[in-house]
Structure formats: C-alpha cells, structure tokens
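*Asks:* take a look and give me a structure for this.
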Amino acid sequence: MLWNFYNVYLKKFPLYLIWRSPKIGVDLALFKAIEHGIIEIVTEIIRVNPAFLTQRLDFQKGILHAAICFRQEKVFNLIYAVGKWKGLMIIGYDEYKNNILHLAAMLAPPYRLAHFSGAALQMQKELQWYKEVESVVDPTFKLLVNDYGEKPSQLFTNSHKQLMEEAEKWIKEIANSCTVVGALIITIMFTVAFTVPGGNIQDNGYPIFLHEKAFKVFITADAVSLFAASTSVLKFLGVLTSRYAEEDFLESLPRKLIIGLSTLFFSIAAMMIAFCATLIIMLDGDLGLIIPTVLMASVPVAVFIFLQFPLLVEIFISTYGPGLFDRKMKYLFEKDRGSE
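*Replies:* Numbers count the residues shown, from 1 in each chain. Okay, here's the model as predicted:
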C-alpha cells in the first residue's frame, strides 16, 4: 500500500525535495494520506513518530484540523485512540483564526458531499460532523470568533445557507409526491371497503363471501392499506409544515421521512394483496388466471422497492445506524491507556 501511495501521489512532487529534506517528504505523505482518507498510512507514520500528532501540516493545520477540512472520519477517529495527545491535537488556529470548531462549521468539499444521496442527507452529515467536533472541544471554543467576527455557529449557518435551501426543496418534493400517492390510496381503499367483492345480502347487508378465507384476507389487507396510507399522509404533511431549522435535519425530518416512506410501502403492498384476494374470490380459484394476475400485481410493489427502498435504507442507517465516528477505537499507544 505504501508503494502504491508513492506511485500515485508522491511522484507528482520533485524527488530532490524529499531527498534533501526527509521531514518535508513525510509531512507531504501524511497530508496526502489524510486528504484521501488512507488511515493505514496515517496510523503507521504516527506509530513510528507520535510527534506528528501535533505537527502543523499546512497553514497551521494539524492532523485533526486537516481531517475535519477534508471530512475524513476515519482519520478524525484517531482522536479517540491517542490518549494524552488528544488535547494537543485540538488546539491551534489557521491563518484566519479559525479554531477546530470553525473548520467543522465550514461546508465540506463537493466530492465528499457527493457520497450522500440528496441535499437533506448531506445537510444531516454536516450537522453530525459539527456536533461530533463540538462534543470533543472545550465549550469556550463555541464563543471564539475568527478574523471575520464569526462564531462557529454563525459560520455554520452562513456557509450552509445554500445547502439548507436545497435540502428543504428536496424534502418537500419527496413529501409532495408521496402525499399525492398516499391520498389516492386512501380514497381507493376507503371506497373498496363499502363495495366488497360479490356484493351484500339484501336481507341483512352482510357480504356474500363473508365466511370465505380470501374475503378475510381482502378486508384485512384493505384496513392495513387504509391505515398505513393515512399515517403516511399525516407524516408527510408534518414534513411539509416543519419549520426547517438546522437542528431538524439532524433527526426530526429524517425520522418523519422514514415513517412516511415505510408506511407508504406497506400501504401499497397491502393494496396489492387486497386486489389479489378479490381476484381469488371473483375467479373462484381459477389458477390459470389468478397466478399471472398476481405476478403482474407484484410489479408496482417491486418498482417501488427498487426506486425508494435504497433511499429509505440510507436515511435509516444515516439517522439510527452506527454513525460516522468510532468512539471505541483502540488505543494507538498502549502505554497511554493507563493514564486515561
């Protein structure tokens, strides 16, 4: 891996510079490894010479500062594995008097944001980064201002203004589309509940196929679809009426999207089950017609899964998954462990 790193990155720079000053060569290798998230190289260099933990690589930025600027969470996780060096890694300013929390408040590089689907998830990741850095610094860092008179929170708001607008637009488009689908399902399933297959007995109004198993499946699926669609619409209405503050993108809005998309999926699946149960009743067990029709009825469910399920999974993992940061990372220096 070290040889590949040399071939890809270090060959771009004059070799005589590295030969004449080995320290510059190591600094360059370390900085490039941080920029591209090659944690193995960063770890090995630090193991050999722990002094690099406090080394200023570029514009007074240390390892931790560079990891935050490039949004390399694997490198940032080193803060949980360096023992007594942690405090020394946090201190420092860049040329504009930005502390480590200011750097977390800046907008991530576009190529790092592109790893996440949709502006809302990008905004969520930015908030997660800011909150994580905020949790490891002294509270006084939040009150310090840079050369432009900005506190970290003010810098975060200013630098993420456009991303906030894009995230709000992205979520509203999803909520509007899903609300329309959910409202149509509610209308259909509510109507179907009073126009049951086969009709009713005129004397007492009971459904003709009341005691058929397929009819019980139909009525159960109809109820599930109606209730799930209603829940979905209410959740998406909650999304549309949210205040869209910065904090809402961290958990509140993603949670509403998760519930809304999940219940919408169940409502579509239950609607198809109700349709198939109706066919079984009306066709009186004619498998030659039932099986092809059931297969065709599963196509809308499959299409919805293919289009929306990956997004649902990504939102769920991003909100309730293990997260970007590993606070249980093992210590780099076992001798420091007893002092923690």
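*Asks:* buried residues of stretch 179-193, list them for me.
*Replies:* Buried positions in stretch 179-193, judged by neighbour count with 16 or more other CB atoms under 10 Å: 179, 181-182, 185-186, 188-189, 192. For glycine as for every other residue, the C-beta is placed from the backbone atoms N, C-alpha and C.
*Asks:* cool, stretch 70-89 as well?
*Replies:* For stretch 70-89, by 16+ other CB under 10 Å, it's 70-83, 85-86, 89.
*Asks:* filter those residues down to just the ones in helices.
*Replies:* 73-76, 86, 89 (DSSP state H).
*Asks:* average pLDDT for stretch 323-331?
*Replies:* What stretch 323-331 shows for mean pLDDT is 75.
*Asks:* if we can go back for a sec, what's the closest of the ones in helices among the buried residues of stretch 70-89 to Pro322?
*Replies:* Glu73 (11.4 Å; CB to CB).
*Asks:* end-to-end on stretch 31-44?
*Replies:* 13 Å (CA to CA, to the nearest Å).
*Asks:* and that stretch, what's buried?
*Replies:* Result for stretch 31-44 [16+ other CB under 10 Å]: buried residues 31-35, 37-39, 41-43.
*Asks:* in CSV, list those along with pLDDT, distance to Ala120 and secondary structure.
*Replies:* Below are those laid out as CSV (pLDDT from 0 to 100; distance: CB to CB, whole Å; DSSP: H, G, I helix; E, B strand; the rest coil):
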residue, pLDDT, distance to Ala120, secondary structure
Phe31, 81, 32, helix
Lys32, 83, 32, helix
Ala33, 85, 31, helix
Ile34, 86, 28, helix
Glu35, 84, 27, helix
Gly37, 85, 24, coil
Ile38, 86, 30, coil
Ile39, 86, 28, helix
Ile41, 85, 34, helix
Val42, 85, 31, helix
Thr43, 84, 33, helix
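*Asks:* would you format these as CSV with distance to Tyr148 included?
*Replies:* Shown next, in CSV, are the buried residues of stretch 31-44 (distance: CB to CB, whole Å):
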residue, distance to Tyr148
Phe31, 25
Lys32, 29
Ala33, 31
Ile34, 26
Glu35, 25
Gly37, 29
Ile38, 33
Ile39, 33
Ile41, 34
Val42, 31
Thr43, 35
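*Asks:* what's the closest of those residues to Ile305?
*Replies:* Gly37 (32.0 Å).
*Asks:* for that closest one, what are its contacts?
*Replies:* 70, 72, 74-75 (CB atoms under 8 Å, 6 or more residues apart in numbering).
*Asks:* out of those residues, who's nearest Ile63?
*Replies:* Nearest member of those to Ile63, counting by CB to CB, is Val75, at 6.9 Å.
*Asks:* domain assignment for the chain?
*Replies:* Listed by automatic domain parsing, the domain ranges of the chain are 2-159, 163-320.
*Asks:* tell me which of the ones you listed sits nearest to Arg327.
*Replies:* Here domain 2-159 is closest among these (CB to CB), at 5.2 Å.
*Asks:* thank you kindly, that will do.
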